[in-house]
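Visitor: sequence first, then the predicted structure:
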Amino acid sequence: MVADAMHNVTDGLALGVTFAQGSGIPTAVAVFVHEVPHNLADFALLLQNGLSKRTALLAQFGTSVGAIVGCLLGLSIPSGPRMHAFVGGGFIYVAAASALPTLLSGPDSKR
């Protein structure tokens with residue numbers, strides 16, 4: 001859940017930075033297309049691990065607040081090449097910290 005919240009903060013930063021520069025619509029579409037299946041999969045995993053539907057929805061909502069926080073930060077701080085590098089680094093970190101270990105574990109290993 002922590003990695004998902006960090007991922008949402010990074011999404012929000014990307015949205016805030018690009019909207020501040022006036023080119024946020026393509027980023028918003030990309031984030032939306034990515035986040036719908038991502039959140040559906042997270043919800044299914046939470047249900048599969050024994051959470052009730054209500055608890056899983058609340059957990060998903062809690063991590064989604066990170067996107068609002070990230071967007072507000074992205075809108076309020078000056079954007080430039082360093083901010084784009086920071087946001088890109090955030091996406092790389094989330095991929096390396098959460099997705100890569102799962103992909104490398106293989107189908108036969110316990111998770």
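Guide: It's in.

Visitor: the helices in the chain, which residues?
Guide: 2-20, 24-48, 53-76, 81-94, 100-105 (DSSP state H).

Visitor: give me the contacts around the third one.
Guide: Contacts to helix 53-76, defined as CB atoms under 8 Å, 6 or more residues apart in numbering, come from residues 1, 4-20, 39, 42-43, 46-47, 51, 83, 87. Quick note: C-beta positions are derived from backbone N, CA and C, even for glycine.

Visitor: same check on the fourth one?
Guide: Outside of helix 81-94, the residues that reach it under the criterion CB under 8 Å, 6+ apart are 3, 6, 7, 9, 10, 13, 14, 17, 74, 77.

Visitor: the same query, at a cut-off of 10 Å, please.
Guide: 3-4, 6-18, 20-21, 27, 70, 73-74, 77, 79, 100 (CB atoms under 10 Å, 6 or more residues apart in numbering).

Visitor: average pLDDT across it?
Guide: The average pLDDT within helix 81-94 is 78.

Visitor: next one: the second one
Guide: Across helix 24-48, pLDDT averages out at 88.

Visitor: can you check the shortest one too?
Guide: With pLDDT averaged residue by residue, helix 100-105 scores 76.

Visitor: report the buried residues of that helix.
Guide: For helix 100-105, a neighbour-count test (16 or more other CB atoms under 10 Å) marks nothing as buried.

Visitor: what number of residues lie near residue 63?
Guide: By the criterion of other CB atoms under 10 Å, residue 63 has 20 neighbours.

Visitor: list buried residues within the contacts of helix 81-94.
Guide: 4, 6-18, 20, 27, 70, 74, 79.

Visitor: quick check: the closest residue to residue 27 other than its chain neighbours vs residue 46, distance?
Guide: Using CB to CB, 6 or more residues apart in numbering and skipping the chain neighbours, the partner closest in space to residue 27 is residue 18 (4.1 Å). Residue 18 sits 30 Å away from residue 46, going by CB to CB, to the nearest Å.
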